[in-house]
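A.B. asks: Based on what follows, work out the 3D shape:
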Amino acid sequence: MNQTEKSSVHPDPSEQQPLEERVNNRSHRPDSDAFRSFMASNWAPASTQLPPRDEVADHAARRRRTISEQFKGERLVIPAGALKVRSNDCDYRFRPHSSFAHLTGLGVDHEPDAVLVMEPVGDGAGDDGGNHHASLFFRPLAGRDTKQFYADSRSGEFWIGPRPTLAEFKEQLGLDTVDISELEVAITKNVGEPSVGGISIRLVRKVDENIDALVDTARYNTAANPDAIDFGALDSLDAKLAESLSELRLLKDDWEIEQMKVAVAATAAGFEEIIKSLPRAVAHKRGERVVEGAFFARAREEGNELGYDTIAASGNNATILHWTHNTGAVTAGELLLVDAGVEADSLYTADITRTLPVSGKYSPVQRKIYQAVLDAADAAFAVAVPGRKFRDVHNAAMEVLAARLEEWGLLPVTAAVALSPEGQQHRRWMPHGTSHHLGLDVHDCAQARAELYLDGTITEGMVFTIEPGLYFKNEDLGIPAEYRGNGVRIEDDILITANGPLNLSAALPRAPEDVEAWMARL
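C.D. replies: Residues are numbered from 1 along each chain as shown. Next up, the predicted model:
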């Protein structure tokens, strides 16, 4: 018998097995009737007590009401997102999309594949007198008499622990809840051109590719002339929803402000752990990783996660703006720049930077650079008041830094020329913006229109950073050697009140002498 004949008589079993099922070839799961019956028996009854209403529920309802006013007569679809594979059959820790979290109040790791659907109703006939009725679609807890209970490693209670029931989430969030099996009909029913009685859909795109495909298919199948669909117009339709959801977060409500304070307090505790870890960091060949690990441990203890990858940058690495490899040594005499934030269980994050002298004392040059950055930050604070433009914060900081660079003889032109649109030479050493909005995302409200963000007016309830810096690279031959290898950034999180900026991160020392005393005390 030749090889071809042998293969046809005895085919390779792996060739008959679908590729997606082969990830489970490492284990065998029993599937007999006897086993299924045994697994379903002798479990303590599940609690029927419903949880209390979350404090955030009323705030989330007001947010939905605001969005409802902007999109009368249109179906709004806001997915949480799906689990993402890290490697083979291991997933990354789940985090829902920020717009979904903002409109539902769900933080931590709830709920993969969930979707919030806001269904249009008559004017004023919806939730809280709005124009929509909101429903949360998700996969509820499977009963212990089901195969999913013990066989599904992504959603089975035996593998990942208890999950909420429809009734529990409904009570907790003040939202109607629906089994996800009904989602397709809820999204696609009556879709069509409004001119012929159909309902238009707006979708937060690129969150869940399955929902993207479902909406796109519904739009295509119900179009009067599918070949003439203006996909650019549909993209603009969806982009407008993303824009509005982003702008909704420009002003924080009272609950959000409290969550920001929680995140900042946890971050401050993490910075204290960093200082305590410095002797071990100096002794380790990858001391930056020691610093990173010290902060991460506190982030997981106090909150949900890191709000973003920690920058733990010593020496010349501190001049690399997005240094997250953190593979370098931490050396006595150098500056250590740490940019880090804890994400609270609510998913609101802090974003704080401190630049520490590894040896506990700034050298004269380091102190000079540090003081210039601190003075720039203080100038930015002074103009961060209601009624001023958001861009004024950056401009105030740049005026101070350009003046110092001129004073030190580093600018090839005067500070006035550098600050002009035709100049900008000072940006060689301060290339980034001085401020960004902060909240559910570390760079929050990123889809907001420029006239409400960069060109917007500072308003009570905004939360944003102030973070000037100076970065002098070892490779920069245009400056004296004494400056090289020093990077300094000071970043604080501020809340705009009627009386001006409130520094939420004021518990972390900023002045050089206070930083030195803080390090000595710990």
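
A.B. asks: Dihedrals phi and psi, the closest residue to Lys389 other than its chain neighbours?
C.D. replies: Leaving aside its sequence neighbours, Lys389 sits nearest to Thr457 (CB to CB, 6 or more residues apart in numbering; 6.2 Å). C-beta coordinates here come from the backbone N, C-alpha and C atoms, glycine included. Main-chain dihedrals, Thr457, degrees, to the nearest 10: phi -90, psi 130.

A.B. asks: What is the burial count for Thr457?
C.D. replies: 13 (other CB atoms under 10 Å).

A.B. asks: What of Lys261?
C.D. replies: If you count neighbours by other CB under 10 Å, Lys261 ends up with 18.

A.B. asks: host element of it?
C.D. replies: Using DSSP states H and E, Lys261 sits in helix 254-283.

A.B. asks: and the helix or strand just after that helix, what other elements does it pack with?
C.D. replies: Proceeding N to C from helix 254-283, the next assigned helix or strand is helix 287-302, under DSSP H and E. Packed against helix 287-302, as judged by 3 or more CB pairs under 8 Å, 6 or more residues apart in numbering; DSSP states H and E, are the following elements: helix 254-283, strand 305-306, strand 311-314, strand 335-340, strand 342-343.

A.B. asks: Ala223: which of the ones you listed is closest?
C.D. replies: helix 254-283 (39.8 Å; CB to CB).

A.B. asks: tell me the angle of that closest one relative to strand 335-340?
C.D. replies: 150 degrees (axes from the mean of the first three to the mean of the last three CA atoms, to 10 degrees).

A.B. asks: Kindly reformat the helices and strands packed on helix 287-302 as a markdown table containing mean pLDDT and distance to Leu141.
C.D. replies: A markdown table is the format used below for the helices and strands packed on helix 287-302 (pLDDT from 0 to 100; distance: least, CB to CB, whole Å):
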| stretch | mean pLDDT | distance to Leu141 |
| --- | --- | --- |
| helix 254-283 | 98 | 27 |
| strand 305-306 | 96 | 24 |
| strand 311-314 | 98 | 40 |
| strand 335-340 | 98 | 36 |
| strand 342-343 | 98 | 26 |
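
A.B. asks: Any idea which of the ones you listed gets closest to Glu516?
C.D. replies: That would be, of the helices and strands packed on helix 287-302 and by CB to CB, helix 254-283, which comes in at 11.2 Å.

A.B. asks: which strands and helices sit next to the closest one?
C.D. replies: Applying 3+ CB pairs under 8 Å, 6+ apart, one finds that helix 254-283 contacts helix 56-70, helix 287-302, strand 335-340, strand 342-343, strand 352-357, strand 463-466, strand 492-497, helix 512-521.

A.B. asks: Look at the residue most central in space within the chain and report its pLDDT.
C.D. replies: Central residue of the chain (CA atoms, centre = their mean): Asp441, 3.5 Å from the mean position. At Asp441, the model reports a pLDDT of 98.

A.B. asks: Which residue is the nearest non-sequential neighbour of it?
C.D. replies: Nearest to Asp441 is Ser98, by CB to CB, 6+ apart, at 5.3 Å.

A.B. asks: I figured the one you found hits Ser346, correct?
C.D. replies: No: when contacts are counted by CB atoms under 8 Å, Ser98 is not listed as touching Ser346 (11.2 Å).

A.B. asks: Let me know the secondary structure of the residue nearest to the centre of the chain.
C.D. replies: coil (DSSP: H, G, I helix; E, B strand; the rest coil).

A.B. asks: Could you measure from it over to Gly307?
C.D. replies: Asp441 sits at a distance of 8 Å from Gly307 (criterion: CB to CB, to the nearest Å).

A.B. asks: what sits in contact with each of the two?
C.D. replies: Thr349 (CB atoms under 8 Å, 6 or more residues apart in numbering).

A.B. asks: before we move on, back to that, would you list the helices and strands packed on helix 287-302 in a markdown table and tack on distance to Phe94?
C.D. replies: Output for the helices and strands packed on helix 287-302, formatted as a markdown table (distance: least, CB to CB, whole Å):
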| stretch | distance to Phe94 |
| --- | --- |
| helix 254-283 | 19 |
| strand 305-306 | 11 |
| strand 311-314 | 24 |
| strand 335-340 | 22 |
| strand 342-343 | 13 |
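
A.B. asks: which residue packs closest to Glu302, ignoring adjacent ones?
C.D. replies: Ala266 (3.6 Å).

A.B. asks: How about the contacts made by that neighbour?
C.D. replies: Taking CB under 8 Å, 6+ apart as the criterion, Ala266 is in contact with 298-299, 302-303, 342, 344, 350.

A.B. asks: returning to that earlier point: would CSV of the helices and strands packed on helix 254-283 with distance to Leu374 be doable?
C.D. replies: Listed next are the helices and strands packed on helix 254-283 as CSV, based on distance: least, CB to CB, whole Å:
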stretch, distance to Leu374
helix 56-70, 36
helix 287-302, 22
strand 335-340, 14
strand 342-343, 24
strand 352-357, 10
strand 463-466, 11
strand 492-497, 11
helix 512-521, 7
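
A.B. asks: Of those, which is nearest Gln259?
C.D. replies: So among those, helix 56-70 is nearest, using CB to CB, at 8.6 Å.

A.B. asks: if you average pLDDT over the helix or strand just after that closest one, what comes out?
C.D. replies: Sequence-wise, the next helix or strand downstream of helix 56-70 (DSSP H and E) is strand 74-79. Computed over strand 74-79, the mean pLDDT rounds to 98.

A.B. asks: again, but for stretch 53-65
C.D. replies: Stretch 53-65 comes out at a mean pLDDT of 97.

A.B. asks: ditto for stretch 479-492
C.D. replies: In this model, stretch 479-492 has an average pLDDT of 98.

A.B. asks: Please spell out which residues along it are buried.
C.D. replies: 479, 483-492 (16 or more other CB atoms under 10 Å).

A.B. asks: could these be laid out in JSON lines, adding secondary structure and distance to Lys147?
C.D. replies: Compiled in JSON lines, those are given as follows (DSSP: H, G, I helix; E, B strand; the rest coil; distance: CB to CB, whole Å):
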{"residue": "Ile479", "secondary structure": "coil", "distance to Lys147": "67"}
{"residue": "Tyr483", "secondary structure": "helix", "distance to Lys147": "66"}
{"residue": "Arg484", "secondary structure": "coil", "distance to Lys147": "64"}
{"residue": "Gly485", "secondary structure": "coil", "distance to Lys147": "61"}
{"residue": "Asn486", "secondary structure": "strand", "distance to Lys147": "61"}
{"residue": "Gly487", "secondary structure": "strand", "distance to Lys147": "56"}
{"residue": "Val488", "secondary structure": "strand", "distance to Lys147": "59"}
{"residue": "Arg489", "secondary structure": "strand", "distance to Lys147": "54"}
{"residue": "Ile490", "secondary structure": "coil", "distance to Lys147": "56"}
{"residue": "Glu491", "secondary structure": "strand", "distance to Lys147": "51"}
{"residue": "Asp492", "secondary structure": "strand", "distance to Lys147": "53"}
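
A.B. asks: List just the nearest of the residues you listed to Val204.
C.D. replies: The closest of the buried residues of stretch 479-492, once distances to Val204 are taken by CB to CB, is Glu491, at 29.3 Å.
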